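J.: Sequence and predicted model, in that order:
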Number of protein chains: 2
Amino acid sequence: MDRRQQKTRGAIFRAFSTLLEIKRYGNITIQEIIDEANIGRSTFYAHFDTKDELLRAMCTDIFSHVFSDDLISEKTHDFSGNNNGLETKLTHILHHLKDSEKNIVGILSCESGELFMKYFKGYLTEMFSKYLNGTNVNAPADFVLNHLVGSFAETVKWWIDNSMKYTPETTAKYYMEVSCVDRITD
Amino acid sequence: MDRRQQKTRGAIFRAFSTLLEIKRYGNITIQEIIDEANIGRSTFYAHFDTKDELLRAMCTDIFSHVFSDDLISEKTHDFSGNNNGLETKLTHILHHLKDSEKNIVGILSCESGELFMKYFKGYLTEMFSKYLNGTNVNAPADFVLNHLVGSFAETVKWWIDNSMKYTPETTAKYYMEVSCVDRITD
DNA sequence: ACGTTACCGAACATGTTGTTCGTCATGATT
DNA sequence: AATCATGACGAACAACATGTTCGGTAACGT
C-alpha cells in the first residue's frame, strides 16, 4: 500500500476518533473530518464513500486485532467439558480491547456504538456458537446464544464506560459466574 | 392541550414512525418528516427543536405506558424470597411493548435503538435494583445489576427483531432460567 | 529517470437547516 | 355569536453540507 494512502487513511482515522470523543457520530459532518484531518475534500471521497463506510472500516481494523485467528480457530477450542478455554478467550478479547482503548472509547460513548456493537456481536456469535453443543436449560438454543452474546457485549460496554476499572481477568471471571455458563454449555 | 397541537404532534409521530421503518434514524431529514407529516416547516420547529428531541419525546411516550406506575411501585414488590413477582413484571413489560409494536419495531431496527435502549435501561435499572438486596455470586453488585439490565434489554431487542415469535410469558420464563436470577437475588 | 498514482483546491449544483414574518384558520371563552 | 388568542401555513432567507469534476502538483515504486 502506498505510503501516501497509509498516511491519509491514518489521518482520517485519527481525526474521526478525535471527533467521536467530542460529539455524537450522527452529528459529525464529513466537512469536520476533512478539516480535522487536514486533507483535501476529494481525497476523503477517494478513500471512503460515506461516513458509515469509514466507521465500518475502523471497526474492521479493530476487530481484526481483537479477534486474531488463533482466538476463533477450532484448534484452541476446549472440548474437555470445562470452560477454562472460554474464560481464557474472553480474557484475551478484553486485553485486546484495552490496548486499542483510544479508538474504542470514542466509538462506544456515542450512538455509533450501535454499528460497532453489531459487528462485535457478529464475531461473538461465531465464537460462542462453538461452545453451545447443548444446554441444561429449558430454553431454545437461539435464545441462549443471543443471551450469552448480548450479555457479554453489554458487559464489555459497561466495562469500557466505567474506565475498565477491573482487570480483563477479573471481568471475565465475573462474567463466567453470572452467566451460568456451567449450566448452559456441555 | 389544543386540539391543533395534538393533531400536529400525532402527525409528526406517525410520520417519524413510518420513516423509521424505511430508513435509518441518522439518514432521516427533518425535511422528510415535514413532507411525510404534511405540515409546515415552521410548525415542526414550533414543536421540536431537533430530531433527537423528537425521538426522546417518542421514547418517553412509549415508556410512560410500558412502565406504568404499578409496575415499578414498591407495593407490588415481592419480598417473600421467590422471584415470581419479577417474572410477572417482566411479562407485563413485554406485553406493553407488544401493544405498541408499531412504533418500537421502527425505532429498534435502526441506530436510533441506541437512544431508545439508553432510556429503556434507565427504567430497567430502577426496577431491577429493587430486587438486588444481595447475591450468592462472587461479583460486585454494580456488575450484576448491569448484567441483569443489559441482558434483559438485549433479550427484548432480540425478541422484537425476531417478530416476537415467543409469547411474553414464554420469553420472560426463558429469561428467568438463563439469567441465574435464583442465584443472584435473595 | 520514468511512468504511475495520490493528493490538492477550487468550483459547482443540489439539498438541508433553522429562522423570520405576515396571513389565515381553528381553537377556547364569554 | 362574537371575540380574542394561538397555532399552522408557506414563502423567503443565509449559512452550511454534500458529492462530484478537473487540471495541476508532488510523491511514490521500480
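T.: Happy to help now that I have it.
J.: Now residue A:108: closest residue in space, sequence neighbours ignored.
T.: residue A:160 (5.5 Å; CB to CB, 6 or more residues apart in numbering or on different chains). (Glycine included, C-beta is placed from N, CA and C.)
J.: secondary structure element for that neighbour?
T.: According to DSSP states H and E, residue A:160 maps onto helix A:141-161.
J.: Output that helix as CSV, restricted to C-alpha atoms.
T.: The C-alpha coordinates for helix A:141-161 follow below in CSV (Å, rounded to 0.1, in the frame of the first residue of the first chain):
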residue,chain,number,x,y,z
ALA,A,141,-30.6,-22.7,21.6
ASP,A,142,-31.0,-19.4,19.7
PHE,A,143,-32.4,-17.7,22.8
VAL,A,144,-29.4,-18.9,24.8
LEU,A,145,-26.9,-18.0,22.2
ASN,A,146,-28.3,-14.5,21.9
HIS,A,147,-28.3,-14.1,25.7
LEU,A,148,-24.7,-15.1,26.0
VAL,A,149,-23.6,-12.8,23.2
GLY,A,150,-25.7,-9.9,24.2
SER,A,151,-24.8,-10.0,27.9
PHE,A,152,-21.1,-10.3,27.1
ALA,A,153,-21.3,-7.4,24.7
GLU,A,154,-23.2,-5.4,27.3
THR,A,155,-20.6,-6.3,29.9
VAL,A,156,-17.8,-5.1,27.6
LYS,A,157,-19.7,-1.8,27.0
TRP,A,158,-20.2,-1.3,30.7
TRP,A,159,-16.6,-2.2,31.4
ILE,A,160,-15.3,0.4,28.9
ASP,A,161,-17.8,3.0,30.1
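J.: sorry, back to before: what is the neighbour count of the residue nearest to residue A:108?
T.: 19 (other CB atoms under 10 Å in any protein chain shown).
J.: go on, the one 10 residues further on?
T.: Residue A:170 has 16 neighbouring residues, counting by other CB under 10 Å.
J.: residues near the closest residue to residue A:25 other than its chain neighbours, how many?
T.: What sits nearest to residue A:25 in space, not counting adjacent residues and going by CB to CB, 6+ apart, is residue A:112, at 3.4 Å. By other CB under 10 Å, the residues close to residue A:112 number 25.
J.: any idea how far the helix holding residue A:160 is from the chain center?
T.: Helix A:141-161 sits 12 Å away from the centroid of its parent chain (CA atoms, centre = their mean, to the nearest Å).
J.: any idea of the angle that helix forms with helix B:141-161?
T.: 130 degrees (axes from the mean of the first three to the mean of the last three CA atoms, to 10 degrees).
J.: interface residues of chain A facing DNA strand C?
T.: Within chain A, the residues that sit near DNA strand C (CB under 7 Å from any atom of the strand) are A:2, A:4-5, A:7-9, A:38-43, A:46-47.
J.: Among the residues you listed, which pair sits farthest apart?
T.: A:2 and A:41 (19.6 Å; CB to CB).
J.: returning to that earlier point: hmm, which of the residues of chain A next to DNA strand C is lowest in pLDDT?
T.: Lowest-confidence member of the residues of chain A next to DNA strand C: residue A:2, scoring 94 (pLDDT).
J.: Check the gap between that residue and chain B for me.
T.: 32 Å (CB to the nearest CB, to the nearest Å).
J.: ok, now residue A:68?
T.: 26 Å.
J.: same thing with residue A:160?
T.: Taken as CB to the nearest CB, the span from residue A:160 to chain B is 12 Å.
J.: same thing with residue A:28?
T.: Residue A:28 is 10 Å from chain B, by CB to the nearest CB.
J.: No more questions from me, cheers.
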